[in-house]
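Peer 1: Structural data only, the sequence is not supplied:
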């Protein structure tokens with residue numbers, strides 16, 4: 001391992017680019033992206049090391065910490081490489097560089113920069129080398145990336161400095177005591193794989209809030225792979241796990257951790273579709289970490305859908321996820337977020353588009369206007385999601401599961417193709433960007449010709465039209481000349497975020513329709529039109545009801561007037577017909 005840039009050019013074989021551009025990607029293609037991320041990390045580390053030379057610090061100097069890392073890498077290259085490629089390492093690098101440029105805030109810069117010492121300690125433990133480093137402690141605790149959290153149980157609170165000695169995989173940590181003097185602990189850190197099959201662990205860990213807990217191991221989600229069990233960090237400890245600013249540990253209760261393991265196993269089973277590496281396929285072993293969001297206990301029960309998920313280009317293979325109760329929802333989210341990771345890695349290798357970052361484009365999965373990079377990410381991610389549901393449809397047979405899969409497949413292929421068309425029409429793509437987006441278009445065009453259960457297809461088309469119509473009503477100025485010189489819309493100054501309740505609601509047909517939306521989802525636009533008209537009598541400009549009325553009217557009378565309403569719904573004048 002070296003921090004010096006390699007002089008040889010970094011070239012991606014055309015066949016691997018073609019796989020990724022179409023929305024999929026073999027294990028070889030993903031491995032190439034990781035090689036690119038490794039090269040980028042080393043360049044960023046070199047940049048950071050140059051900046052840290054002049055930073056006053058009470059800790060081990062950065063150059064010495066880097067020497068310890070290099071010594072460990074010489075002894076155990078694979079574990080140290082995994083440490084440098086860990087998502088949290090990338091998030092830390094990006095954050096500290098933002099700190100150095102004055103675009104982020106946090107604890108004293110020397111303490112955040114000193115996380116390099118924690119990385120060096122972990123590398124030394126992994127390699128079994130001997131080292132002595134002065135490290136930052138928070139409330140007497142030292143985060144060991146990829147291993148867990150070591151805590152001086154009677155250590156002094158706040159930000160302090162400690163001494164870490166490693167030898168043969170053993171750590172001795174010494175720091176200031178709460179009542180004066182010093183305190184220390186000696187441990188042999190190791191992770192804690194969650195048991196496959198959801199079995200109860202033989203030995204339960206101590207309460208994470210118990211003052212007697214000196215070692216909190218990083219838990220790992222496990223599943224059997226072809227070459228043996230695969231361990232994926234379930235990271236609730238690392239300060240840089242959240243893809244942005246540092247945050248304290250949020251330890252999961254044991255029951256919640258086991259719930260994650262059970263759900264993950266079920267999601268892996270959902271993803272186990274034989275043959276091919278196209279869009280929607282993912283090898284779970286490619287995931288580098290799962291970060292639980294929003295809950296630390298198993299009570300109350302988790303909702304069926306994933307309410308929050310996120311990823312970052314700085315943290316390849318990581319995904320922040322609010323745990324759902326349905327394995328199908330988790331499996332879909334794993335696909336979605338890994339698509340973002342793949343595209344982010346491609347963007348690190350190739351300039352795919354020229355983006356002025358102006359947020360002026362319609363994205364079918366957002367309530368607000370987006371910039372071109374956001375459109376590209378959405379198109380790539382939801383092409384993968386469409387492929388995921390295409391696989392579910394192929395193995396669903398008949399009945400409710402086929403209807404649900406058909407709806408999601410039809411909706412996401414339609415929405416993704418719309419965005420791909422926007423990207424191609426804007427003329428802002430580079431040569432590589434046009435090649436990628438054109439490949440996505442070919443994938444989606446082929447899928448648009450594939451059969452879907454008729455009722456599911458009708459609901460998907462209605463949901464797509466409803467979202468676009470309501471988006472324009474809520475975002476676009478309702479005047480006929482509300483376009484700029486480039487022909488893009490001008491936006492309302494009073495626009496606010498709004499919930500998209502229809503996309504999930506239309507996934508299943510209502511058994512006994514009562515509301516206007518339910519009548520439309522059931523394929524009865526006439527009843528829906530009447531119900532929407534009743535709602536509009538009370539508030540003629542209410543965007544949700546007005547969008548429904550427009551779409552229901554267009555379904556009943558799909559002529560030129562309806563097409564004009566759908567294209568520019570914000571221009572509709574009151575009063576509206578009653579039905």
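Peer 2: Looks like it arrived, so ask away. Note that the structure is a prediction, hence the values are computed from the model and not measured. Residues are numbered from 1 along each chain as shown.

Peer 1: alpha carbons only for contacts and neighbour counts from here, please
Peer 2: OK.

Peer 1: Am I right that residue 16 is in contact with residue 29?
Peer 2: Yes. With contact defined as Cα atoms under 8 Å, residue 16 and residue 29 form a contacting pair (5.2 Å).

Peer 1: what residues are shared contacts of these two?
Peer 2: Residues touching both residue 16 and residue 29 do not exist when contact is defined as Cα atoms under 8 Å, 6 or more residues apart in numbering.

Peer 1: Tell me the first helix or strand C-terminal of the helix or strand harbouring residue 49.
Peer 2: Using DSSP states H and E, residue 49 sits within helix 27-52. Sequence order places helix 62-75 as the next helix or strand after helix 27-52, per DSSP H and E.

Peer 1: ok, residue 110 - contacts?
Peer 2: 55-59 are the contacts of residue 110 under Cα under 8 Å, 6+ apart.

Peer 1: Go again with 7 Å.
Peer 2: Each residue near residue 110 by Cα atoms under 7 Å, 6 or more residues apart in numbering is listed here: residue 57.

Peer 1: Doesn't residue 510 lie inside a strand?
Peer 2: No. Secondary structure assignment (DSSP: H, G, I helix; E, B strand; the rest coil) places residue 510 in coil, not in a strand.

Peer 1: returning to what we had before: quick check: angle from the helix holding residue 49 to helix 62-75?
Peer 2: 150 degrees (axes from the mean of the first three to the mean of the last three Cα atoms, to 10 degrees).

Peer 1: now the helices for the stretch 51-200 of the chain?
Peer 2: Listed in chain order, the helices of the stretch 51-200 of the chain (DSSP state H, counting those that start in this stretch) span residues 62-75, 77-85, 87-100, 109-113, 115-127.

Peer 1: got the buried residues for the helix holding residue 49?
Peer 2: Using 16 or more other Cα atoms under 10 Å as the test for burial, helix 27-52 gives 29-30, 32-34, 36-46, 48-49, 52.

Peer 1: what ranges of the stretch 401-550 of the chain fall below the confidence cut-off?
Peer 2: 481-487 (pLDDT under 70).

Peer 1: show me where it has helices.
Peer 2: Secondary structure of the stretch 401-550 of the chain by DSSP H, counting those that start in this stretch: the helices cover 431-448, 454-475, 502-505, 516-521, 525-538, 543-556.

Peer 1: In the shortest one, which residues are buried?
Peer 2: In other words, helix 502-505. Within helix 502-505, the residues scored as buried using 16+ other Cα under 10 Å are 502-503.

Peer 1: Just the residues contacting that helix, thanks.
Peer 2: Helix 502-505 has contacts (Cα under 7 Å, 6+ apart) with residue 463.

Peer 1: now do 8 Å
Peer 2: Judged by Cα under 8 Å, 6+ apart, the contacts made with helix 502-505 from elsewhere in the structure are 463-464, 466-467, 517.

Peer 1: Quick check: the farthest pair among these?
Peer 2: 464 and 517 (13.4 Å; Cα to Cα).

Peer 1: Who has more neighbours out of the two?
Peer 2: Ranked by neighbour count (other Cα atoms under 10 Å), residue 464 and residue 517 place residue 517 first, with 26 against 20.

Peer 1: show me the contacts for that one.
Peer 2: By Cα under 8 Å, 6+ apart, the contact list for residue 517 reads 502, 528, 548.

Peer 1: quick check, nearest of these to residue 101?
Peer 2: residue 502 (42.7 Å).

Peer 1: before we move on, the earlier item: select, out of the helices of the stretch 401-550 of the chain, the one closest to residue 270.
Peer 2: helix 502-505 (20.0 Å).

Peer 1: Check the offset of that closest one from the chain's centre.
Peer 2: Here the centre of helix 502-505 is set off from its chain's centre by 21 Å, with Cα atoms, centre = their mean, to the nearest Å.

Peer 1: ok, now stretch 300-309?
Peer 2: In terms of Cα atoms, centre = their mean, the gap separating the centre of stretch 300-309 from the centre of its chain is 15 Å.

Peer 1: now stretch 63-77
Peer 2: Computed by Cα atoms, centre = their mean, the chain-centroid distance of stretch 63-77 equals 31 Å.

Peer 1: Could I get the average pLDDT for that stretch?
Peer 2: Here the mean pLDDT over stretch 63-77 is 97, rounded to a whole number.

Peer 1: excluding its backbone neighbours, what's nearest residue 17?
Peer 2: Counting by Cα to Cα, 6 or more residues apart in numbering, the nearest residue to residue 17 once its immediate chain neighbours are dropped is residue 29, at 7.6 Å.

Peer 1: Correct me if wrong: that neighbour contacts residue 20.
Peer 2: Yes. Taking contacts as Cα under 8 Å, residue 29 lies within contact range of residue 20: 7.1 Å.

Peer 1: quick one: which of the contacts of helix 502-505 is nearest residue 435?
Peer 2: residue 464 (26.6 Å).

Peer 1: how close does the closest one sit to residue 101?
Peer 2: As for residue 464, its distance to residue 101 is 42 Å (criterion: Cα to Cα, to the nearest Å).

Peer 1: Over to residue 424?
Peer 2: 35 Å.

Peer 1: More neighbours: those two, which one.
Peer 2: For residue 424 versus residue 101, neighbours defined as other Cα under 10 Å are more numerous around residue 424 (15 against 9).

Peer 1: If we ignore the residues flanking it in sequence, what's nearest residue 140?
Peer 2: Counting by Cα to Cα, 6+ apart, residue 140 lies nearest to residue 155, which is 4.5 Å off, once chain neighbours are set aside.

Peer 1: Could you check the pLDDT of the one you found?
Peer 2: For residue 155, the pLDDT comes out at 95.

Peer 1: is it in a bridge, and if so with what?
Peer 2: The partner list for residue 155 in beta bridges (DSSP bridges) reads residue 177.

Peer 1: so who does it touch?
Peer 2: Per Cα under 8 Å, 6+ apart, neighbours of residue 155: 139-141, 175-178, 182-183.

Peer 1: same deal with residue 51?
Peer 2: Residues near residue 51 by Cα under 8 Å, 6+ apart: residue 100.

Peer 1: just to revisit the earlier point, just put the contacts of residue 155 in a markdown table and tack on neighbour count.
Peer 2: Written out in a markdown table, the entries for the contacts of residue 155 read as follows (neighbours: other Cα atoms under 10 Å):
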| residue | neighbour count |
| --- | --- |
| 139 | 17 |
| 140 | 28 |
| 141 | 24 |
| 175 | 25 |
| 176 | 21 |
| 177 | 17 |
| 178 | 16 |
| 182 | 15 |
| 183 | 19 |
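
Peer 1: Turn these into TSV, columns for distance to residue 195 and pLDDT.
Peer 2: Putting the contacts of residue 155 into TSV (distance: Cα to Cα, whole Å; pLDDT from 0 to 100) gives the following:
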residue	distance to residue 195	pLDDT
139	31	95
140	30	96
141	27	97
175	34	97
176	37	96
177	36	95
178	37	92
182	37	94
183	34	96
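
Peer 1: how far away is residue 143 from residue 443?
Peer 2: Using Cα to Cα, we find residue 143 at a distance of 44 Å from residue 443.

Peer 1: quick one: which of the two has more around it?
Peer 2: The neighbour comparison of residue 143 against residue 443 (other Cα under 10 Å) goes to residue 143, with 24 against 21.

Peer 1: Leaving out the residues flanking it, which one is nearest to the more buried one?
Peer 2: In space, residue 143 is closest to residue 149, 4.6 Å off (Cα to Cα, 6+ apart).

Peer 1: Could you report the neighbour count for the one you found?
Peer 2: 20.

Peer 1: Check the one 10 residues further on too.
Peer 2: Burial of residue 159, expressed as a neighbour count using other Cα under 10 Å, amounts to 15.

Peer 1: Hmm, residue 229 is touching residue 221, no?
Peer 2: No. With the criterion set as Cα under 8 Å, residue 229 and residue 221 do not qualify as a contacting pair; they are 9.9 Å apart.

Peer 1: if you count what's nearby, which of the two comes out ahead?
Peer 2: Here residue 229 and residue 221 are compared on neighbour count by other Cα under 10 Å; more neighbours surround residue 221, at 26 against 14.
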